[in-house]
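# what follows is a predicted protein model with its sequence.
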Amino acid sequence: MFNKNKIYKPIILVSFIIVYYFLSNHFFGFFCPLMAFIGVPCPFCGMTRAGILMLTFNFRESFAMHPLLVPTVILILTYFLFKVKYPKKIKKLYTPTIILIISSFLLLAYRIYTNFGQEPIVFNNNSLLMRILEQF
């Protein structure tokens, strides 16, 4: 039997992401929700740019932009592999996921301490929070 939800959910999700991308870039200049609304970088800030650099074979620049790109991509690919082939073993990915999240926060703290104001660790003065605070 044909299930419409299996088709409509991804279409709605992709449509939402595309609309959000254009609106957030137009109004705030950033795609990241934390940068757009609060103005601070998230632990994964620079990951997209690192991915683009990796795809263009600029490995050193990619690693400098975000050193955790490769482990993140490996974890995501492993998750999808487990979801398709070994759905009962997917809980084995919890520990690597927690380690990656903690590593991301530690990396962000280190980068803020050592490189704040340099790409990708910058403060967005055009964020929604800053616009609201300017009114007072």
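Ah, there it is. Keep in mind that this is a model prediction, so the values were computed, not measured.
# for the protein, give me the ranges with low pLDDT.
Scanning the chain for pLDDT under 70 picks out the ranges 1-6, 28, 30.
# where do the helices sit along it?
Here the chain has its helices, by DSSP state H, at 4-27, 33-37, 47-55, 59-65, 69-85, 94-115, 128-134.
# centre-most residue in this structure?
Centroid-nearest residue in the chain: residue 44, 4.7 Å away (criterion: CA atoms, centre = their mean).
# do you know how far that one is from residue 110?
For residue 44, the distance to residue 110 equals 15 Å [CB to CB, to the nearest Å]. From N, CA and C alone the C-beta is placed, and that goes for glycine too.
# what sits against residue 97?
residue 75 (CB atoms under 8 Å, 6 or more residues apart in numbering).
# swap in 10 Å and give it another go.
72, 75-76, 78-79 (CB atoms under 10 Å, 6 or more residues apart in numbering).
# among those, which ones are buried?
residue 72 (16 or more other CB atoms under 10 Å).
# from the contacts of residue 97, which single one is nearest residue 106?
Using CB to CB, residue 72 comes nearest to residue 106 of the contacts of residue 97, at 14.4 Å.
# hmm, back to that, report the contact partners of the residue nearest to the centre of the chain.
With CB under 10 Å, 6+ apart, residue 44 has these contacts: 32, 34, 50, 66, 68-69, 72, 100-101, 104, 107-108, 120.
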